[in-house]
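A.B. asks: I'll drop the sequence and a predicted model, then ask my questions.
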Amino acid sequence: MVRKVVPEQHEGKRQEILAAAHRCFLRQGLQGASISMICKEAGMSPGHLYHYFPSKDAIVEQIADEYLTTLHAHFNAHAEDEPTATVLLSELWSMNGWDDLAHCRITFELLAEAGRNENIRKIMIDNTDSVRQLLSETLKAGQARGDVDAGFDPDQTSAVLVSILYAAPMLPLIATDVDFDESRNLIAAMIRRFLQPSK
């Protein structure tokens, strides 16, 4: 008899695997974390895991996709007339401390692995392109409202902003004495002043 798949249970198990993989990637690095390590962390056999994900790269791709979905949700939670800098940093403003940024550090692993693994490089490029598109649309809306310099090219500016967003989670790793709230305020002020129209 073929076992009936319950969608909610299937998705729940996928999320367990993704959470286990994320922990392994942060501990062992993307290259160092093997499928067997992920299986042990998730408490399942490789054969069972492959029912949900065909490869480690597929797990990485899903983690990247879910980050993008979360980012869209943060952006969409804002009113249309909110300052552009606030919307652009909406993920950062949703957090309460550096520990909330730990999940973002997977980006560092992706960047490091992208130089060695063409599949990971493509995942990283595709994900970054999607983030840039979201930022670019927000910048264009800000230009239409008059709170973003009309002389800025939204597509090029989005690339600069992505680099800032990707780097923010690194702060407590290289400067252990920095205060989260103060750092967030400084980043927001930097972005706001960078975007404001020239007088």
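C.D. replies: Everything's here; your move. Numbering: from 1, shown residues only.

A.B. asks: Go through stretch 109-125 and flag the buried ones.
C.D. replies: Applying a neighbour-count criterion of 16 or more other CB atoms under 10 Å, the buried positions in stretch 109-125 are 109-110, 113-114, 117, 120, 123-124. Placement of C-beta: from N, CA and C, glycine included.

A.B. asks: Now render those as TSV, adding pLDDT and secondary structure.
C.D. replies: Listed next are these as TSV, based on pLDDT from 0 to 100; DSSP: H, G, I helix; E, B strand; the rest coil:
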residue	pLDDT	secondary structure
109	80	helix
110	81	helix
113	81	helix
114	83	helix
117	85	coil
120	84	helix
123	85	helix
124	85	helix
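
A.B. asks: which one of these is nearest residue 80?
C.D. replies: Proximity of the buried residues of stretch 109-125 to residue 80 (CB to CB) peaks at residue 124, which lies at 30.6 Å.

A.B. asks: residue contacts, that closest one?
C.D. replies: Neighbour list for residue 124: 64, 110-111, 114 [criterion: CB atoms under 8 Å, 6 or more residues apart in numbering].

A.B. asks: among the helices and strands of this structure, which one scores worst on average pLDDT?
C.D. replies: Counting by mean pLDDT, DSSP states H and E, the weakest-scoring helix or strand in the chain turns out to be helix 90-93, with a mean of 75.

A.B. asks: domains in this structure, as residue ranges please.
C.D. replies: 7-54, 62-195 (the TED database).

A.B. asks: same question for the first one, mean pLDDT?
C.D. replies: What that stands for is domain 7-54. Here domain 7-54 scores 90 as its mean pLDDT.

A.B. asks: Contacts for the least confident helix or strand of the chain, please.
C.D. replies: Helix 90-93 is touched from outside by 70-71, 74-75, 77-78, 86, 165, 168, 184, 187-188, with contacts defined as CB under 8 Å, 6+ apart.

A.B. asks: Nearest to residue 10 among these?
C.D. replies: The nearest member of the contacts of helix 90-93 to residue 10, counting by CB to CB, is residue 70 at 20.6 Å.

A.B. asks: Show me which positions of the helix or strand encompassing the closest one end up buried.
C.D. replies: With elements taken from DSSP states H and E, the one containing residue 70 is helix 56-76. The neighbour-count check on helix 56-76 (16+ other CB under 10 Å) flags 56-57, 59-64, 67, 71, 74-75 as buried.

A.B. asks: now residue 13, nearest residue through space, not along the chain?
C.D. replies: Nearest non-adjacent residue to residue 13, counting by CB to CB, 6 or more residues apart in numbering: residue 52, 6.1 Å away.

A.B. asks: I should have written residue 78 there, sorry.
C.D. replies: Spatial nearest neighbour of residue 78, chain neighbours left out: residue 87 (4.8 Å); criterion: CB to CB, 6+ apart.

A.B. asks: Need the pLDDT of that neighbour.
C.D. replies: 83.
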